Every structure is written in structure tokens, then in C-alpha cells.
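Visitor: Need a 3D model of the following:
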Amino acid sequence: MSQTKWSNFYKLEDWWSVWIGLLLLGTVFSGIITVVPKMPKWKGIDLLSALPWELLPKLALLAIGLCALFTLGNLVMKGKEGRNMIPGFLVIFLLAVLSYILGNSQTAKAINLGYAFWALLIGLIISNTIGTPRWMMPAVRTEYYIKTGLVILGAEILFNRIVEFGPYGLAIAWLVTPIVIIFMYLFGTRFLNMQQKSLVMVVATSTSVCGVSAAIAAAAACKAKKNELTLAVGMTLIFTVAMMVIMPLFVKAVAMNELVSGAWLGGTIDSTGAVVAAGETVGEIAGQAAALVKMIQNMLIGVIAFAIALFWVFFIEREPNAPKPQMRELWVRLPKFILGFIAASLLVSFVCIPLMGMDTVKGILSQTKTYRGWLFCIAFLSIGLDSNFRDLGTQLQGGKPMILYLVGQSFNIVLTLAIAWLMLSGIIFPIPELAQ
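Guide: Here you go, the predicted structure:
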């Protein structure tokens with residue numbers, strides 16, 4: 001293996017998310033860790049029940065352990081500057097504890113405002129008032145934490161369910177996504193007459209696939225400017241916050257089918273972590289459906305980036321001497337954490353359950369789910385800490401990018417809901433095992 005190829009395995013965030021996620025799973029399945037500290041539910045004004053003294057040493061060990069793992073990966077990826085994330089990570093972990101305290105109160109539970117909502121709110125308040133301190137920014141790594149959490153999520157979804165749900169997810173994710181991209185590109189370039197075609201493409205891809213990761217891949221494929229990528233990512237992050245709060249409330253208000261609603265959330269909310277949190281707000285089945293649809297949709301990143309590169313080379317740039325995109329770009333663009341998600345599902349389905357039994361594995365998964373909750377909480381704090389409304393407002397002068405996003409996302413929401421209902425309502429096709 002060449003040095004370039006080998007470096008992919010130890011210098012890419014995606015791969016470190018896989019290694020850390022599998023390692024965390026291994027600590028619990030091997031019995032090294034028997035209990036992952038979990039924040040208790042509480043009521044009234046009894047703050048001691050919200051954060052018991054005996055829990056503090058366990059939380060400190062968890063914070064140190066997670067910080068060590070993510071810093072190790074960061075050191076390998078970035079060299080000595082990777083250690084700069086240590087102070088920021090520890091502070092973000094403390095904010096995650098606060099988010100759990102607020103989200104686990106009886107009042108918050110009653111109105112469905114869990115840890116994810118409070119983590120986002122705390123991050124947004126800091127970012128949009130005093131501003132996120134510069135020394136914290138190296139630890140504000142949303143994708144790093146989300147991808148690792150999703151690898152852990154793979155262990156909770158048995159492989160037979162992935163296979164059973166696969167055709168439904170393909171129909172929902174792979175049918176809607178290209179239609180939305182084409183619609184948004186034509187709407188932006190022809191109806192809105194936007195001259196920055198690369199900006200239109202990046203916004204369209206981030207809206208229809210999975211937000212930040214897709215935006216980065218599309219920007220590289222069409223050679224978008226840095227400020228265009230920043231604008232697309234900024235809009236994605238801000239509206240992700242709104243959608244992950246509003247859409248589950250709408251789902252519950254209209255008593256939407258849990259499987260249909262999960263698939264709808266998975267196909268429309270741009271951030272993978274926010275998808276899972278929104279789905280689990282609705283219910284366990286909705287959370288699994290949302291995660292599976294988003295996983296399948298994420299697999300399109302490589303294909304979409306390759307198609308954009310071809311389109312740019314042959315129709316937009318038309319430079320005869322420009323290098324043609326190669327098929328290996330599909331592998332380069334593929335989010336590697338998806339492989340970790342599948343590997344975790346395979347290991348639990350075909351190794352752990354036959355050896356340990358279903359009841360034992362369920363008990364272990366209750367602990368790995370707590371790991372995942374901490375990682376998602378830290379990720380949502382990172383989203384908030386990295387989202388600044390003032391910067392976004394400056395970039396949106398003229399209004400056309402905002403119109404493009406709003407029209408495109410509205411079309412995406414309606415189309416995805418129609419296809420999700422068609423596939424999963426049980427009226428036309430049989431309901432997959434996930435819901436049974």
C-alpha cells in the first residue's frame with residue numbers, strides 16, 4: 001500500500017471515528033467497562049438528585065477517557081497542534097453534563113425538551129452572545145463526534161433489520177435526492193438567475209443529502225470558493241437546529257405513523273446526528289428508521305460528488321486539458337464511518353448474539369447507548385458553538401441563497417414525506433420488520 005493510501009487509514013477523521021467507535025464498543029462487550037455513567041432523571045428543585053455526588057468521579061473518568069481518545073486521533077491527524085482540543089473538550093463535556101441536567105428534569109421531559117435541545121440552545125447562546133472562545137474551537141468538532149456515535153449506533157441495529165429495511169430506504173433516499181438536487185440547481189440558475197453556479201450546487205447538495213459532509217464533497221467536486229462553502233454550511237447548521245426541534249413536534253401533533261415519520265426525518269434533516277436525535281424524540285422505531293434512511297442517503301455522497309465532477313468537467317468548465325474524474329473518487333468520497341456502522345451491526349448480529357445470547361447483548365447495548373448519548377450531546381453543543389447568526393446574516397445579503405434553500409428544502413420535505421408514506425404506510429407495500 002502506498003504512503004498516500006496508508007495515510008487514509010490514520011489521518012482521516014472518518015477512519016478515526018470508526019476506530020474510536022469500535023474501541024468504545026469493545027470496552028463494554030469485553031467487560032472492561034460494566035457501567036457507563038448516565039445522568040439520572042429528577043424532579044422539583046432537588047439538585048442533588050440531578051447530579052449525585054457519587055456520580056462525579058465516574059463522570060470525571062468518562063470525560064478523561066473520551067478526551068484522551070479523541071485527542072489521540074487529533075494528534076495523529078494534525079500533529080502537535082492536535083492537543084489544543086484538550087481544554088475545549090473538557091469544558092464542552094461540562095456543558096454536556098449541564099445539558100443532561102436540564103433535559104432530564106421532569107418538566108423538560110413532560111414537554112419533550114431533551115438533552116439535544118438544551119445542548120443546541122446552550123451552544124447557540126454562547127456563540128451568539130459572548131462568542132465561542134478561540135481556545136475552545138479546536139474541540140468544536142461536530143462531525144468527529146457524530147460519526148463516532150453513529151458507529152456505536154450500528155451495534156444497536158441488527159443486520160437483518162438493515163437488509164429488511166434496505167429496499168425501502170433506497171427508494172426513499174436514492175429516489176428523492178437526485179430529484180431535489182436537479183430541481184434546486186435549475187431553480188437557482190434559471191429562475192433566480194444566480195451567477196455563482198458552484199454556490200447553487202453546494203447549497204443543493206447540502207440540502208438534499210446530509211448537510212456539512214455533502215457540502216464539503218460537492219464544493220471539492222465543483223471547485224466552489226471557500227465563502228460559498230461557508231454560506232452553505234452556515235444555512236445548513238441554522239436550519240438543522242430549527243428542523244430537529246419543529247419537525248418532531250409536528251409529527252406528534254398530527255399523530256403520524258412512527259415508521260413513516262422516522263423515514264421522513266431521516267430523509268430531510270441535514271445533519272446525521274440531528275436526524276437520530278429527532279427520530280428518537282418521536283420513538284425508538286422512528287429513531288432507527290431515521291438513522292437507516294440517513295445512512296443509506298449518506299452512501300450517495302461519493303456518487304453525487306463524482307456526478308458533479310463529471311458535470312463540471314464536461315458542461316460547466318469545458319476545459320479540454322482538465323483531468324477527468326476517475327472511478328476511485330467514489331471510494332474517496334464515501335463516508336468511511338458508514339463502514340464502521342455496518343461492521344458494528346455485523347459483529348453484534350453474527351458474533352456477539354450467538355456467543356452471548358440476546359438478553360446479555362441487550363443489557364450491554366443499554367450501556368453503549370449511553371456512550372452514544374454523550375457523544376451526540378457533545379456534537380449538538382458543537383453545532384451551537386459553531387453557528388453564528390450574525391455571520392450568516394452578513395453572507396445572505398441579496399437573499400437569493402436563502403430563497404434557494406427555503407424553496408428547495410420545502411420541496412424536499414413534501415417529496416420525501418410522499419415517498420415515505422408510499423413505501424412505509426402499509427397500504428401498498430408490506431411493512432418492514434423494523435416496525436414489527
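Visitor: For the stretch 201-350 of the chain, just list every one of the helices.
Guide: Assigned by DSSP state H, counting those that start in this stretch, the stretch 201-350 of the chain shows helices spanning 212-222, 226-253, 258-268, 272-282, 284-298, 300-311, 328-333, 337-347.
Visitor: closest one to Leu381 among these?
Guide: Taking C-beta to C-beta, helix 272-282 is the member of those nearest to Leu381, at 11.1 Å. Using the backbone N, CA and C atoms, a C-beta is placed for each residue, glycine as well.
Visitor: Distance of the residue lying closest to Gly26 once chain neighbours are set aside relative to Leu23?
Guide: Closest residue to Gly26 in three dimensions, ignoring its sequence neighbours and counting by C-beta to C-beta, 6 or more residues apart in numbering: Ile32, at 7.8 Å. Distance from Ile32 to Leu23, counting by C-beta to C-beta, to the nearest Å: 10 Å.
Visitor: Show me which of those two is the more surrounded one.
Guide: Leu23 (12 against 8; other C-beta atoms under 10 Å).
Visitor: Wait, the more buried one touches Ala68, no?
Guide: No: using C-beta atoms under 8 Å, Leu23 is not in contact with Ala68, being 11.1 Å away.
Visitor: Which phi and psi values does Ser105 adopt?
Guide: phi -70, psi 150 (degrees, to the nearest 10).
Visitor: got a list of contacts for the host helix or strand of Ala60?
Guide: Ala60 is located in helix 56-78, with elements delineated by DSSP states H and E. Here helix 56-78 makes contact (C-beta atoms under 8 Å, 6 or more residues apart in numbering) with 10-13, 16, 19-20, 23-24, 35-37, 82-83, 85-86, 89-90, 93-94, 97, 138, 141, 144-145, 148, 374-375, 378.
Visitor: Can you give me the buried ones in stretch 405-419?
Guide: Neighbour counts over stretch 405-419 (16 or more other C-beta atoms under 10 Å) mark 405, 407-409, 411-413, 415-417, 419 as buried.
Visitor: I should have written stretch 196-208 there, sorry.
Guide: Neighbour-count burial for stretch 196-208 [16+ other C-beta under 10 Å]: 196, 198-208.
Visitor: do stretch 182-195 as well
Guide: Those would be 183-185, 187-189, 194, for stretch 182-195 by 16+ other C-beta under 10 Å.
Visitor: what's the answer for stretch 41-54, then?
Guide: So stretch 41-54, judged by 16+ other C-beta under 10 Å, has buried residues 42, 50-51.
Visitor: Next, count neighbours for Gly169.
Guide: 27.
Visitor: Angles on the backbone of it, please.
Guide: Dihedral angles (degrees, to the nearest 10) for Gly169: phi -60, psi -40.
Visitor: Excluding chain neighbours, what is closest to it?
Guide: Distances taken as C-beta to C-beta, 6+ apart put Ile296 closest to Gly169, at 4.0 Å, once the chain neighbours are dropped.
Visitor: gap between that neighbour and Ala289?
Guide: Going from Ile296 to Ala289 by C-beta to C-beta gives 11 Å.
Visitor: I'd like to know which helix or strand in this protein has the lowest mean pLDDT.
Guide: helix 3-10 (a mean of 54; mean pLDDT, DSSP states H and E).
Visitor: quick check: angle from the one helix or strand Thr148 maps to to helix 226-253?
Guide: For Thr148, the enclosing helix or strand under DSSP H and E is helix 142-156. With axes from the mean of the first three to the mean of the last three C-alpha atoms, to 10 degrees applied, the angle from helix 142-156 to helix 226-253 works out at 40 degrees.
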